[in-house]
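[1] I'd like to go over a predicted model; first the sequence, then the structure.
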Amino acid sequence: MARKAAKLGNGSQGHKRARNDVETGTPEKPVKRKRHANTLRMVELYSDLAAESEDVRLEAAKQMILKFSPEANPAAADVLQALDRLISGLCTHRKAARFGFCVTLTEIMRLVFAPKASIEGLDLDVDALLKKVEEQTKMEGNVSGQERRNHLIGKLFAYKAIMQSSVLVEPEVALDSWNKLLDLIYSMARDTSWLREECALVLVQTVETLPSEAKLEPCLRALGTRLVTFNLADTPEGIVIWLALQARHDFALPDNVWHDKDPLSKKNRPKLVKVLKGDVQNSFKSAESDATKSAATNANSQFAWNAVLSKVLQMDSESKTTPTDASKSQFGQLWLGIVDALLFGSSSSHERKSWGFKLFAQLIGQVPEWTFPALFSPNFMRTLRNQTIKEDRFLHAAALNAWKAISRRAQQSPESSLALLVELTSRNGTVDFEHSSKAEALEKMALAADDDMLRKIVRHLNSLLIRPECTEQNVADHRRQTVADLLLNIVRRYTRYDSLVSEFSDKDNWLRNLLDLLVEHAYFTPSKDAKARKVPSPPISDSSREMFQERLSSCLTRLRPLTARSQTSFGVIVVDMIRTKAANSAFEPIFKADESIKETLEKAYEIFDTVKASCTTEGQASVFQGLTLLYAFTFIQIFNGDTDAIMMLHDLDASYKAISSPVKGASKESKDGFVEILLSFLGNTRTLFHKIAIEAFTAFASEISLEGLRSMTDVLDIEETLEGQKQLFSQGDEAAEEADSDEEDDVEDASDVEIVNGDAEEPGESHSDDSDNSQDSSSPSEDESEDDEEDEEVTQFNNMLALTLQTSKLAANGEGSDDESDDSDMDDDQMMALDPHLSNIFKQRSQITGKKQREEAKQNVIRFKSRVLDLIAVFLDKQFSNPLSLEVLLPVLRLTRASANKQFTDRSAKLLQSTFEKSSKPLPRLEDVDSAWGILKGIHEEAKHGGGSNAHAGACNAASLHVVRTLVNADRGNYAKVVGVYAESQKEWFADPKSVVRDIMFSGFLTWSSRNRVATKAE
């Protein structure tokens, strides 16, 4: 109005503002801006108090406390407004508001009510503060259930802030206010069951923080008395409050509630069980309690259980002697009698079992090792197994969390690994792996242990192999395989071999013990002289022995690279173990041999010992080490039941004599016997023997002769057919004739057994390079699909056969009799009428079988040729300067043809390219120049058969130039003859427009000639 009046009084000035008005408004503007800035700052602080980041919340609380501390001279109205805002803010569930607001409210009340604090105009006492809490947390109107819960929780947090601020007991005790606040908290605990645990937690924290002073005794007695007054003494939360008072202020405990005022005494055990279970009916009821008890249930009911068990555990720990029997300890009796029976009983609800899993997960990381036998109780283990088996189980996630907690305990306390593993696999546990989580947990336990503890774990697992705690043979087989798989995974995933290998001579080493038990169960049975505890029950079946042999082979595959860091190969150690046990009267070998074979073995053992001793011979150490490997794994093949391996010992003996006595006229051919042994190793489907063959060949490569090399390269030219398989693996005449008759003569029967690599194997068996552990590496889905396919064919064959027989009977009789179900004998006419149909059915069946056999044969030959190619790659790498390396060029080139298997085309071409390009070794020094000329001409002839393959053309060019370099390096005069060979090939290429020879053969030679000429001129 003043501004308007000024404008009217100065009409000549028009819309201009009066100067006096501007001057009078100048001092008000900064004040408004300052207030606005303070308001914005407070809004930011309140927002930060609700932040999820703890650091942000604490920084905001610090700023608020500094702002409203008496030293900052805050206005009384601002302090009251801040208290109102903080109390009301406790009623929101936004982010972490309650935590930030509660801390700030506690500290501001502590400052405001401090003895020397003085804030002008602030008239506030504890009663007024309680009244303010009631006002700010009061619900108005018809509110939703969620909002009602938020206000109740906010009110409890406000009570908690008052308790923790100590304004009721410092500097003087405000007993009336104290009692009033206790009544509010106790009534909330009584009437609001879902808040009872939080109320109890506030009171327990109060008991634990109050010092033992005389002036505080009335406060503590009031806290204890109200347990009875509000009928909370017989609740799980009341027990927690009671135990807190008992531990610090036992004088405050009321009478006539628990015998000897100790809820944990044996006489109180029945009542304690009922209280924790919730069976004790309280006499209190109120209108509010009826409305709130059903509103929600407590998801963390283990609060009381944990407090009780922790107290009992403390009592056991403080006893004079450590309990030796967990079931007789206070903790064990309480766990078995209450937790195991009530939370994990067969009739317990899912909710109670969930509480039990949470309680177990919390305790397993805290309790001492001696409590494990009680902690892994019968009902708990049963529930854990049942809920782990399938993912659709209601508590599957809770069970997995329990497994994770067990694994964490093993990681944090490796010394407890053995005790955990014992409880999980014996007593109330089982060896069966219900879920991958159990297998993973057991592996982590074993691998977390140190070597000494791991030695004890291996000993325990061996006891499970001997006594799998069952009587059924199939169950025992399954459990033994489970333990063997665990042992294998320990060997595979162990990472501290560097220190272990150097100490392997220790007889009680865990790895030695592990190999020893696998050897024992794979190759021996206990004799009559064996101790009873060493006799497996049920006996180990033949299938289990084969399984143990496979697991031993897989272990040796993993340990093979460690041989170079130890004095002896692990394969040699295993053979020594077998020989030692064979000489022990407590064991009987599974392998039964006649006298001639025993004599052969004894002679081979003598040579084997001599070869081992020669492994340090200077100049020939690697050769003898390779021979040792071949001897060791030939013995293992024999022990596995491959009697054909006996003949390999004669070849090894001959090779040893030729190597050890070269001066005495031993023929070079005698050294080539080991090549046949290597080829037989390559034919073994287990990866271990493939790798051993490569390792031994690496040592023997320098000793190989032309004939031995050709026996390998000849394999590369074998066709990938049934005939090729027969040629490779020397199958029996009877099997070969049977295969022929299946295709040609329409046989009437087809065997379900396929002949692969000379052995009878089931159709679904894996033949991959990783098949050293077929049960581990083979895919179950693949095996099942192959079995299903075979079953379908058999079913179809049986259906066709049954239909034919039924149709023929109807045709002969003119009608079918429904009441005659038996198959009567057919006369000659019926048989003659049936013959064409049966012949057609069996012909179709034989065609299907023949197709499978051809595909199987093709894959066998491809795998074998691939492994031979591995040996040739080793030879080219290690013996690049050996003139014999030229002899492998043509066989490898033939694998790069367009008509060859795609698997070999790329691999062979890359092998030759990498050999010629990357090798920095000297070129071969020719002893037989004519042979080199023959190879060069053969390469140019081979170039005509590539079928247009780029890989073949490139490989032929590279191989040809390699031979040219070798010839010219031997004698530069050979260059002219080389030009003649190229000229002859180029003339044929030019004259034949259809020639598949690529021009790279000639351009590559011209480029090389130009570079070589320039290099020579520079020299």
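    Cool, the structure landed.

[2] so what's Thr92 up against?
    For Thr92, the contacting residues are Ala50, Arg98, Asn150, Gly154, by C-beta atoms under 8 Å, 6 or more residues apart in numbering. Glycine gets a C-beta too; all of them are placed from N, C-alpha and C.

[3] between those, which is closest to Glu927?
    Ala50 (89.9 Å; C-beta to C-beta).

[4] Apart from its chain neighbours, what residue comes closest to Ile108?
    Among residues not flanking Ile108 along the chain, Phe68 sits closest, at 5.4 Å (C-beta to C-beta, 6 or more residues apart in numbering).

[5] Measure how buried the one you found is and give me the count.
    21 (other C-beta atoms under 10 Å).

[6] Quick check, it in contact with Leu111.
    Yes - between Phe68 and Leu111 there is a contact under C-beta atoms under 8 Å: 7.2 Å.

[7] helices and strands of this protein: which one bottoms out on pLDDT?
    When each helix and strand of the chain is scored by mean pLDDT, DSSP states H and E, strand 754-756 comes last, with a mean of 33.

[8] Can you tell me how far Val173 is from Pro526?
    Separation of Val173 from Pro526 (C-beta to C-beta, to the nearest Å): 79 Å.

[9] re the thing from before, quick one, what contacts the residue nearest to Ile108?
    Counting by C-beta under 8 Å, 6+ apart, Phe68 touches Pro74, Asp78, Val79, Ala82, Ile108, Leu111, Val112.

[10] Show the buried residues in these.
    Listed as buried from the contacts of Phe68 are Pro74, Val79, Ala82, Ile108, Leu111, Val112; burial here means 16 or more other C-beta atoms under 10 Å.

[11] which regions of the stretch 551-700 of the chain sit below the pLDDT cut-off?
    Across the stretch 551-700 of the chain, the ranges flagged by pLDDT under 70 are 563-568, 616-620, 661-673.

[12] swap the cut-off to 50 and go again
    Scanning the stretch 551-700 of the chain with the threshold set as pLDDT under 50 gives 564, 663-667.

[13] Contacts only, for the closest residue in space to Lys261 that isn't next to it in sequence.
    With C-beta to C-beta, 6+ apart as the criterion, Lys261 has its nearest non-adjacent residue at 4.9 Å, and that residue is Leu253. By C-beta under 8 Å, 6+ apart, Leu253 lies in contact with Gly224, Trp242, Leu245, Gln246, Lys261.

[14] May I ask which helix or strand encompasses the fourth one?
    Okay, so that is Gln246. Secondary structure assigned from DSSP states H and E places Gln246 in helix 236-248.

[15] How is this structure partitioned into domains?
    The record's domain parsing of the chain by the TED database lists 488-586, 591-727+832-879, 882-1018.

[16] Need the ones you listed in CSV (columns: distance to Met453 and mean neighbour count).
    Shown next, in CSV, are the domains of the chain (distance: least, C-beta to C-beta, whole Å; neighbours: other C-beta atoms under 10 Å):
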stretch, distance to Met453, mean neighbour count
domain 488-586, 9, 17
domain 591-727+832-879, 29, 18
domain 882-1018, 46, 17
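
[17] Just the element for the spatially most central residue of the chain, please.
    Central residue of the chain (C-alpha atoms, centre = their mean): Glu440, 5.2 Å from the mean position. Assessed by DSSP H and E, Glu440 sits inside helix 436-448.

[18] Please state the offset of that helix from the chain centre?
    When C-alpha coordinates are averaged (C-alpha atoms, centre = their mean, to the nearest Å), helix 436-448 and its chain have centres 8 Å apart.

[19] May I have that helix as CSV, with CA atoms only?
    C-alpha atoms of helix 436-448 as CSV (Å, rounded to 0.1, in the frame of the first residue of the first chain):
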residue,chain,number,x,y,z
SER,A,436,26.8,-79.8,-7.1
SER,A,437,26.9,-77.5,-4.1
LYS,A,438,27.9,-80.3,-1.8
ALA,A,439,30.6,-81.5,-4.2
GLU,A,440,31.9,-78.0,-4.5
ALA,A,441,31.8,-77.4,-0.8
LEU,A,442,33.7,-80.7,0.0
GLU,A,443,36.3,-79.8,-2.7
LYS,A,444,36.9,-76.4,-1.2
MET,A,445,37.2,-77.9,2.3
ALA,A,446,39.9,-80.3,1.1
LEU,A,447,41.8,-77.8,-0.9
ALA,A,448,41.7,-75.2,1.9
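
[20] Could you list the buried residues of that helix?
    Using 16+ other C-beta under 10 Å as the test for burial, helix 436-448 gives Ser437, Lys438, Ala441, Leu442, Glu443, Lys444, Met445, Ala446, Leu447, Ala448.

[21] For Ser622, state which of those is nearest.
    Once C-beta to C-beta is applied, the member of the buried residues of helix 436-448 that ends up nearest Ser622 is Leu447, at 34.1 Å.
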